[in-house]
Each structure stands twice: as structure tokens, then as C-alpha cells.
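Chemist: task: produce atomic coordinates for the following.
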Amino acid sequence: MFMSIVIAILMLYTSINFVYRYNANKTTLTYETKFLAKLVSQYTITPLVFQDNQGAKESLQQLENIQFIDSALLYDLDNKLFASYVKDKSVTPEDINFVEGFYHDQLYIKVPVSYKEEHYGQLVLIASTDSMYLKLSDELLDIVLVLLLILLITYFIVARSQSLITAPITKLAKLAQSITRTQDYSLRADKVYNDEVGTLYDEFNFMLSTLQRRGEERDEAEAISQQHQLHLERLTEELEQRVLDRTTELQQSIELIKQTQTQLVEAEKMSSLGNLVAGVAHEVNTPLGISITASSIFSNEIQEVKTLLQNNQLTQTRLQTFLETFEEASALLTLNLNRAALLIKNFKQIAVDQTSESRREFELNDYLREISSTFSSEFKRHKVTLHLSYNRDKVIMNSLPGVLSQVIVNLIQNSLIHAFVNTTGATITLEVIAKENNVTIVYQDNGIGIDKSVQKNLFEPFVTTKRNEGGTGLGLNITYNLVFQQLEGSIEVDTTYTHGARFVIHLKTQLPEK
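Modeler: Below is the predicted model:
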């Protein structure tokens, strides 16, 4: 009867185990395929966005090394096939609107290709179930072999225990039940055999002796425990007071750190504005010098003509020469004064924006040109060429120009300080890409690039490679916070760019009202 029960249980276990493993293998295959599909979709976003068919095919071709993948199909927003990878004899879906599941011994998985909640297309992966069934058959064979071995062992144990174990153990069990009812641990079992069962009797008697002794020790320990409990309560009160004192000290330290960080952030902003002032002052100095020279020419010519006129020596030729010189100097003076006025106007607008957080409407291309013009002297001093690639149409923004100027100034200063070390043909590029209600500003330089060890923590505070050379490590952290918190956009570093550093800024043309 026992063997029959064991066989029934093992058969039931085999059936349940088989169903469970079948479902588990299906679930595992589905999970692995979905995970692989999501991973591949991330690599196909860029080719799909930029309509790079060859790049998309190369990304899908990497699935050739995954044995259980039969096909990979990439569709655009119009549900048109953009790129594909298909193994031989693979069945592909005729309608992209299929329901995910198993068809024709294949698993069909469909995931969207999206980035930051923006949808670009769909990716379909078709996985073969051959490997799943092969694995399932191997597992079933292992289970059957184990069950046969269990049956043999069970039969031997049952036959053996009937004569040697069952009766003595039954006797021992009755004694245990009696002790449980009476709680009398002075009772002992009478050993019959000097075998394993006899050893069990000895251990059972030893356990009873131990329980009896420990019961006595327990009563004694309870008295001692009460004393220790009182002492522990006193220690707990003292510890809580110490923790409270240390917590107060820690809060004060945190407040001091916050104040120091705020001061450093403000110092970084003022340093940026100071560099802007120095650059504009240097630029204004040149047209003002030329204007002073033209003014001195005016003074000398007028004095000379005045003297000739008083002595009645002024000839028509000399007067004509004076008028021509006067006209040239006047044109030169007007040109340079206008240039100085324009520089001061741009600086005034940018300086007012940086010291103010008010929003206004402005044209992005012109505003970036104004910001760049204030760095002319710095570009000359560092031998840097600026390339401006503006959007073909005007980009009207209603946002915070002061915050935007702070972001661009921080990036330019970061390149001038860190990027160009023994770099020939140093260049900085600003590109504007407008699309509907969003605009993308791509900032890049061809400097030494960003070390991989700091790329992951680049926007965190106090991360700098020039800590002993005056760097605070707050420039890019301020930039990150300004973009995300003030402009409600995003900024990221392009880790795939290998010819320098590239930052991609995404902004809204119409900043939402607070």
C-alpha cells in the first residue's frame, strides 16, 4: 500500500512538474525575447529617427548570434517595414497588428521603439521554440530517471524498516507522546538493539536529560535576566540621548554644507559674469581706440585749418583735402562707435538676463549670436573658431533668456578651460534644430573629450579634473539644474562622440507657466 501511494504521488508530481516546466520554459522564452526586443529597440532609435536604413540593418544583424531568434522586423510610424533580419525558412507575420503569442512553433513579440515617451516605430522579434522543446525533453528524461531511482530506494527502505525500525520507533513515539502529556522529563526509553535504532534511543534519553537540566537552568536564568533587563533599559536610554545629540550636530553640519554650496554656486555665477565683462571690455577697447584716433585727427585738422584761415593762407586745395580727411575720419568714427554701441547693447541685454529670472520673448538664433559675440576676445586669445549652424527659419521662444545664456556661457567656458590642450584648429560648434514646439541645441567641440571615468558623474556637484587649478566642479552641475529645473528641458552628454565633447539640449519653445 505504501509503494502504491508513493507511485501515485510520484506520477502526480511528474505530471505537475512537466506542466510547470512547460509553462516555465514558455515564460522564460517570452521574457528573454521581450527583454532582447526592448534592448534592440534602444539601439534602433537613432537609425530610425535619422532614417539610416543601413545602420538599422547592422543593428538587427547582430541578432545573428542569438540562436533562438529567427527574424527581426523594424517598422516606422506608418507601419511600413524599415529594416529586417530574417533567417532561412523563417515565417514572418503578414499583419503587424497581430496579438503576441505562439504561432507555427514560433513566438511573436512586438515592442514600441520610443524615447522619452515619444514613439518612432515598432520592433517585431520572432523566436523559435525548438530550443525550448529540446530543453523540455531533456528535463523530462532527467525527472523520469530520478523517479525510478526514488522508487527503488523507497522499496528497499520499506522492506528493511518493517523488520528493524518500525516497531522500536513506534515504541519510542508512544513514550514521546506520554512525556508530552505529563511533562515528566525524568522518564527514559529502554534500549533493545545496539544498532542505529539503539543509538536513537540513547540520543533520545540524552535529549530528555538535557531538557530536564535546562529546565532547571531556565528558572535560574530568568531571575538573572530580569536584572539584565533593568540594566539594558538604562543603557538604551543613554544611547537614545547620545543619538539625539549626534543627530542635532549632524543637522547643523548639513545646514552649514548647504549654505557653503549655495555660496559656491553664486560665486560660480558671478565668475561667469565677470569673464563676460572682461571679454566685452577687451572687445570695446579696440573700436574706442580707433574712435579716439579719429577724434585726434579731427582736432589736428580743425586746428590747422583754423590757423590757415586766420592768416588768410587757406587755399581751395587745402580746404578740399581737409574735407576729404574729415569725411574719412567721420566715417571711421561712426563705424567704430556703432560697433562699440552694438557690443555694449548685447552685453547689457545678456548681463541683465543673467541677473534676472524674468521671462520674455526672443529669437533664439539672434540671441545665441549675441551671446557668442561677447566671447570674441576669448576666442582670439585661445585661437578657437566658432561655427554657428542656425535653423533655417526663425525660432521664436517665450522662455528665460538669462538662464539660457548662463547655460551657453558655462559650456563655452568649460571648453575654453578644459578642452583645448595642444589642439590645432580648435573649433566650437553650435547647432539649432527646431521641430514643432521643441528645439534642440547641439553644442560640441573638437578638444580632448571627456574622460570615461567622469562621464557617469559629469553633472554631479564638485566633479572636476582641475581641482588643484582653480576648478570648483560646479559649472556643469549648475548647467544641469538650470536646464531641468528652470527651463524644464533636458541636457545629456553624447558618450558615442569620440572627436571631443558633445552636449545635446532639448528645450520647449513655450515655457509653461508656473
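Chemist: domain-wise, how is this structure divided?
Modeler: 2-155, 358-514 (automatic domain parsing).
Chemist: dump the ones you listed to JSON lines, plus distance to residue 254, mean neighbour count and mean pLDDT.
Modeler: (Glycine included, C-beta is placed from N, CA and C.) JSON lines is the format used below for these (distance: least, CB to CB, whole Å; neighbours: other CB atoms under 10 Å; pLDDT from 0 to 100):
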{"stretch": "domain 2-155", "distance to residue 254": "33", "mean neighbour count": "15", "mean pLDDT": "83"}
{"stretch": "domain 358-514", "distance to residue 254": "14", "mean neighbour count": "16", "mean pLDDT": "86"}
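Chemist: any chance of TSV for those domains, columns distance to residue 198?
Modeler: Listed next are these as TSV, based on distance: least, CB to CB, whole Å:
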stretch	distance to residue 198
domain 2-155	24
domain 358-514	67
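Chemist: to residue 303, which of those domains lies closest?
Modeler: Of all these, it is domain 358-514 that lies closest to residue 303, at 35.0 Å by CB to CB.
Chemist: give me the element residue 444 is part of.
Modeler: For residue 444, the element it lies in under DSSP states H and E is strand 438-445.
Chemist: centre of the chain to the helix or strand following that strand, how far?
Modeler: Per DSSP H and E, strand 438-445 leads on to helix 452-455 as the next helix or strand towards the C-terminus. Relative to its parent chain, helix 452-455 has a centroid offset of 13 Å by CA atoms, centre = their mean, to the nearest Å.
Chemist: repeat for stretch 389-398
Modeler: Between the centre of stretch 389-398 and the centre of its chain there are 29 Å (CA atoms, centre = their mean).
Chemist: re the thing from before, the strand holding residue 444 pairs with which strands, parallel or anti?
Modeler: The strands beside strand 438-445 in its sheet (DSSP bridges) come out as strand 426-435 (antiparallel), strand 501-508 (antiparallel).
Chemist: now those in a markdown table, with distance to residue 390?
Modeler: Below are the strands paired with strand 438-445 laid out as a markdown table (distance: least, CB to CB, whole Å):
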| stretch | distance to residue 390 |
| --- | --- |
| strand 426-435 | 5 |
| strand 501-508 | 15 |
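Chemist: how about these, which one is nearest residue 308?
Modeler: Among the strands paired with strand 438-445, the nearest to residue 308 by CB to CB is strand 426-435 (54.5 Å).
Chemist: outside of that closest one, which residues touch it?
Modeler: 364-365, 368, 372, 379, 382-391, 393, 395, 408, 412, 415, 419-420, 439-447, 509 (CB atoms under 8 Å, 6 or more residues apart in numbering).
Chemist: distance from the chain centre to it, please.
Modeler: Relative to the mean C-alpha coordinate of its chain, strand 426-435 is positioned 23 Å out (CA atoms, centre = their mean).
Chemist: can you check stretch 317-336 too?
Modeler: Computed by CA atoms, centre = their mean, the chain-centroid distance of stretch 317-336 equals 63 Å.
Chemist: just stretch 155-163 next, same as before
Modeler: With CA atoms, centre = their mean, you get 64 Å for stretch 155-163.
Chemist: pull the residues that contact it.
Modeler: With CB under 8 Å, 6+ apart, stretch 155-163 has contacts from 2-3.
Chemist: find the centremost residue of this structure, please.
Modeler: residue 456 (7.7 Å; CA atoms, centre = their mean).
Chemist: and residue 118, how far from residue 436?
Modeler: Distance, residue 118 to residue 436, by CB to CB, to the nearest Å: 11 Å.
Chemist: wait, I meant residue 51
Modeler: For residue 51, the distance to residue 436 - CB to CB - is 18 Å.
Chemist: over to residue 504?
Modeler: With distances taken as CB to CB, residue 504 is found 17 Å from residue 436.
Chemist: residues contacting the helix or strand encompassing residue 397, please?
Modeler: Using DSSP H and E, residue 397 sits within strand 396-399. For strand 396-399, the external contacting residues (CB under 8 Å, 6+ apart) are 359-364, 439, 487, 507-511.
Chemist: do that again at 6 Å, thanks
Modeler: For strand 396-399, the surrounding residues in contact (CB atoms under 6 Å, 6 or more residues apart in numbering) are 359, 361-364, 509-511.
Chemist: how far does the helix or strand hosting residue 152 sit from its chain's centre?
Modeler: Using DSSP H and E, residue 152 sits within helix 130-164. Chain-centre distance of helix 130-164: 50 Å, with CA atoms, centre = their mean.
Chemist: and what of stretch 59-71?
Modeler: Here stretch 59-71 is found 27 Å from its chain centre; the criterion is CA atoms, centre = their mean.
Chemist: measure it end to end?
Modeler: 13 Å (CA to CA, to the nearest Å).
Chemist: now do stretch 493-513
Modeler: One end of stretch 493-513 to the other measures 28 Å (CA to CA).
Chemist: over to stretch 429-446?
Modeler: From its first residue to its last, stretch 429-446 covers 9 Å (CA to CA).
Chemist: give the contact list for residue 211.
Modeler: Applying CB under 6 Å, 6+ apart to residue 211 gives the contacts residue 185.
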